[in-house]
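**Q** sharing a model that was predicted from the sequence below.
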Amino acid sequence: MLLSKILLPTLKDAPQEAEVISHKLMLRAGMIRKVASGIYTWLPMGLKVLRKIENIVREEMDASGAQEVFMPMVQPRELWEETKRWDKMGPELLRIKDRHDRDFCLGPTHEEVITDVIRSTVKSYKELPLNIYQIQTKFRDEVRPRYGIMRGREFLMKDSYSFNMDEESLQETYLTMRDTYKKVLERMDLEYKISAADSGAIGGDSSEEFHILADNGEDTIAVSDTSEFAINTELLLKDGEDIKSLEGKPSPDGKGTIQIKKGIEVGHIFKLGEIYADAMKANVLNNEGKASTLFMGCYGIGVSRLVAAAIEQNNDEKGIIWPHSIAPYDINIIAIGYDKNKEIASASNQLYLQLKEMGYEVLLDDRKDGYGTKIKDSELIGIPLNIIIGKQFIENKEVELKSRSGESSINSIADIETILEFFKDK
RNA sequence: CGGGAUGUGGCGCAGCUUGGUAGCGCACUACGCUGGGGGUGUAGUGGUCGUCGGUUCAAAUCCGACCAUCCCGACCA
């Protein structure tokens, strides 16, 4: 992609409305624009990252044996009446009417819809277990949207629902999902914790949250300083106790002492058991030919929230430092004097095509700006590798390689091998 | 919903106390110089000062209502 063509409105100053670093940087890097409180348009650079994360999630879900579907965002009241949630849920459930005055809501989650699909299509235990997922826009009319994309009202989420014959099978799927989420976060190079959690409005037996560790996190978790153990502090506090008092106490798992960390909840997995299947009469025939209520699990991961969380964990005073697996582009070719110097222009064009042919996603900064402007933009949007073609190219056919993380070297432009070295261990 | 704050060109801000018809930096347009850390010269474009109403000869400025946005709290996969 040519920088002169892309819609990339970078900003020197962050708009006043932005408070946390990820919000500021997403606005400054031209990734998003606000449409209304908690509702955003994703611009090309932001969408690139969103899609990268979405694809990692999709690949790992597919690898786990889950199957992708796509459910509607608009859902009829009747389904929500079945589980009593039409009345139970507050104004965060955005209710709307169609032209015939029939009630609908914008889906904040999809247990009702998927359970309706499964009960009408699956009749025998032989078809189970099933794990069905979708990657879709959710709407929750949050009391207070904040921190930009981090807590929006409209957001992109991967949600999956498993249907199992019994508790043991559910446990198996649950652990598979737990493992899948670990793989997703590891591929994104994010530091995270899995903590025991309250199952909240979704209900069910037990649940665990996946937290990205970051100072701006909205959740407070207690982690052991010596073991893997972590727990949401909500579950640890007795009445009247404050969070500070937990620090230094013995960890509930008996290993080490408690440390308090801030985390961004990006994933939540639940064992729902029979509650939804029971309410909606979702049964199949078991091997004795008798109706048997399904056991369900549900597993959510916030795709758009992961974009913000990744930035919270990977930035410096210059801008974003994308983990390579989710960077919008791999390489930025900074051509100094592209519009004036034919040698530079043709060498840049050639390198650009060559790298693209090799399968890299490449930007070419062909704009009529100086080096300062170009490198500042590149550092702001966090491209992992810059290849600078300028004076040294004219003098002796050399380019500078400069990574976002700090390393740099001078190489012959013919030495593509060295350029690619950079990506070897990524 | 309770508490706090903000709203002046795309972004950051000044002007408001003490009313007199809108300004600065960046960005943007044209041309030139420059071309390895947001360079520079000249000439330009762009704003019903959040909205509506009131006071006044006159309102960005004073008064009222409303709207929007942000922060803290309560709430929340």
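**A** Happy to help now that I have it. Note that the structure is predicted; figures quoted are calculated from it, not measured.

**Q** which residues outside the lowest-mean-pLDDT helix or strand in chain A are in contact with it?
**A** One helix or strand of chain A scores below all others by mean pLDDT, DSSP states H and E: helix A:416-421, with a mean of 81. Applying CB atoms under 8 Å, 6 or more residues apart in numbering, the external contacts of helix A:416-421 come out as A:Gln354, A:Leu355, A:Met358, A:Leu385, A:Ile387, A:Leu401, A:Ser409, A:Asn411. C-beta coordinates here come from the backbone N, C-alpha and C atoms, glycine included.

**Q** let's see 7 Å
**A** A:Gln354, A:Ile387, A:Leu401, A:Asn411 (CB atoms under 7 Å, 6 or more residues apart in numbering).

**Q** point out the residues in the stretch 251-400 of chain A that sit beside RNA strand B.
**A** A:265-268, A:270, A:300-302, A:305, A:318, A:336-337, A:339-340, A:368-373, A:375-377, A:379-380, A:388-393, A:399-400 (CB under 7 Å from any atom of the strand).

**Q** the same query, at a cut-off of 6 Å, please.
**A** Residues of the stretch 251-400 of chain A lying near RNA strand B by CB under 6 Å from any atom of the strand: A:267-268, A:300, A:302, A:305, A:318, A:336-337, A:339-340, A:368-373, A:375-377, A:379-380, A:388, A:390-392, A:400.

**Q** quick one on the thing from earlier: ok, the contacts of helix A:416-421 vs A:Ile212, which is closest?
**A** Set against A:Ile212, the nearest of those by CB to CB is A:Leu401 (30.0 Å).

**Q** right, and the helix or strand after the host helix or strand of A:Phe393?
**A** Assigned by DSSP states H and E, A:Phe393 falls within helix A:391-396. Sequence-wise, the next helix or strand downstream of helix A:391-396 (DSSP H and E) is strand A:398-403.

**Q** can I get the CA coordinates of that following strand in PDB?
**A** Extracted in PDB, the C-alpha atoms of strand A:398-403 (Å, rounded to 0.1, in the frame of the first residue of the first chain):
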ATOM      1  CA  GLU A 398      22.800   0.800   0.900                       C
ATOM      2  CA  VAL A 399      19.600   1.000   3.000                       C
ATOM      3  CA  GLU A 400      19.100   1.200   6.700                       C
ATOM      4  CA  LEU A 401      17.000  -1.400   8.500                       C
ATOM      5  CA  LYS A 402      15.400   0.100  11.500                       C
ATOM      6  CA  SER A 403      13.000  -2.000  13.700                       C
END
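
**Q** what sits against A:Ile32?
**A** A:Met26, A:Tyr40, A:Thr41, A:Trp42, A:Leu43, A:Gly46, A:Ile149.

**Q** how about a cut-off of 6 Å?
**A** Counting by CB atoms under 6 Å, 6 or more residues apart in numbering, A:Ile32 makes contact with A:Met26, A:Tyr40, A:Trp42, A:Gly46.

**Q** bridging residues for the second one?
**A** Yep, that's A:Tyr40 we're talking about. When assigned by DSSP bridges, A:Tyr40 has beta-bridge partners A:Lys34.

**Q** what's the burial count for it?
**A** A:Tyr40 is flanked by 22 other residues according to other CB atoms under 10 Å.

**Q** how near is it to A:Leu363?
**A** 23 Å (CB to CB, to the nearest Å).

**Q** the third one too?
**A** Going from A:Trp42 to A:Leu363 by CB to CB gives 18 Å.

**Q** neighbour count: the two, which is higher?
**A** Neighbour count, other CB under 10 Å: between A:Trp42 and A:Leu363, A:Leu363 has more, with 24 against 19.

**Q** thanks a lot, catch you later.
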